[in-house]
Every structure is written in C-alpha cells, then in structure tokens.
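> need a 3D model of the following:
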Amino acid sequence: MNAAQQLAITGFFDSVSQLEAVGVIRSSRFLGDIGEFLAKEGFGVTLVNQLRQTGHDGTDQDGKVQIKFNNSTEGNNINVGNPKDYETLIVVIGPQSKLREEGHGPNEFRLYRYSKRDVESWRSKSGGYYCAKERLASCATKKVLTTHECQSDAEG
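The predicted model follows:
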C-alpha cells in the first residue's frame, strides 16, 4: 500500500467517525445510512429505530417509506423492493450516479418521491420492481439538497 492509499483510507474512516458523531451514519451500511439521512432531511421521514427493518426504512404522513440510494457509475436500474411493503418510495441519487439527470451538480443529491401506486406500475416481466433514469426524469415530486447548503448550516 502506498502513502496516498494509506492517507485516503485513514481519511475515509476519519470521515465515517465524524458522520457517526453527528448522527448521519447509524450502521456499517454507510451509503444506505446517508441516503436515509437525506430522505429524512428532504422529506421529513422518521427513520425506524430497528436498522434491519424488512420492507421499509421509515415512516411519514402516508405510512411506511422505502428509501433507496444510488451513487454508482454503473447500472441502469435500481431494485426498489416490493411496493406491498411500503406506501412511499424515495430514491436518492448521488452526484456520481449514472442515473443523474441533466444539470445534476457535483455537490447535489436529488431526491425523488413516488407513491405505492406509481411503483406498482413498474413491475418487470421477471416480477421485480425497478426505477430507471426515465422514471426519475418524469417524477412529479423532487427535491435537491446540496452539500454547500449543509456546510453553511454547520458553520453557522
């Protein structure tokens, strides 16, 4: 391992510790925890206490909420689970995701909110439910959160 790799790994775990200390990360599922935190901030979701809750990650005024986070540079679809297990789906797209919309900035997280009824119409021939880029583009309920906004809150 070279010095740059050592420094990057150390920096990563320092960041994880800092994110745990401020309540963003709640488990060893770092990216999922960040997606859940952003959904809580963007749409007011109350996260469940049981971190391995089957079928949903939180609740809101409509009931159970499933949250999916994607920041992958590969893949065209997100498996969103079975909508029989939740009333609302929130998809969080990170700044590196291949599924980014046009104009998605480097410091932005985009949140997309769908009803159970929306998701039920996405059933594939194999029986799964998937969200693709065109579904994100046509979503009626979207929010954008930027790290710049969060940074100014932390400094203030």
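> which strands and helices lie in contact with the lengthiest helix in the chain?
Longest helix of the chain, by residue count under DSSP state H: helix 3-21. Judged by 3 or more CB pairs under 8 Å, 6 or more residues apart in numbering; DSSP states H and E, helix 3-21 is in contact with helix 30-43. All C-beta spots, glycine's among them, are computed from the backbone N, C-alpha and C.
> check which helices and strands the helix it packs on is in contact with.
Against helix 30-43 (3+ CB pairs under 8 Å, 6+ apart) you get helix 3-21, strand 46-47, strand 58-60, strand 63-70, strand 88-93, strand 108-115, strand 141-146.
> out of those, deepest packed?
For the helices and strands packed on helix 30-43, the largest average neighbour count (mean count of other CB atoms under 10 Å) is found in strand 88-93, namely a mean of 26.
> what's the angle from that strand to helix 30-43?
Computed with axes from the mean of the first three to the mean of the last three CA atoms, to 10 degrees, the direction of strand 88-93 lies at 120 degrees from that of helix 30-43.
> partners of strand 88-93, with directions?
strand 63-70 (parallel), strand 108-115 (antiparallel) (DSSP bridges).
> is it possible to export those strands to CSV including distance to residue 19 and mean pLDDT?
Formatted as CSV, the strands paired with strand 88-93 follow (distance: least, CB to CB, whole Å; pLDDT from 0 to 100):
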stretch, distance to residue 19, mean pLDDT
strand 63-70, 14, 96
strand 108-115, 14, 97
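> out of those strands, the one nearest residue 135 is which?
strand 108-115 (7.9 Å; CB to CB).
> what's the angle from the closest one to strand 141-146?
Using the same axes, to 10 degrees, strand 108-115 lies at 160 degrees relative to strand 141-146.
> just after strand 108-115, pick out the following helix or strand.
helix 116-120 (DSSP states H and E).
> got a list of contacts for the helix or strand following that following helix?
Note on helix 116-120: by DSSP H and E, the next helix or strand toward the C-terminus is strand 130-132. For strand 130-132, contacts defined as CB atoms under 8 Å, 6 or more residues apart in numbering pick out 68, 76-80, 89, 91, 99, 112, 114, 119, 122, 124.
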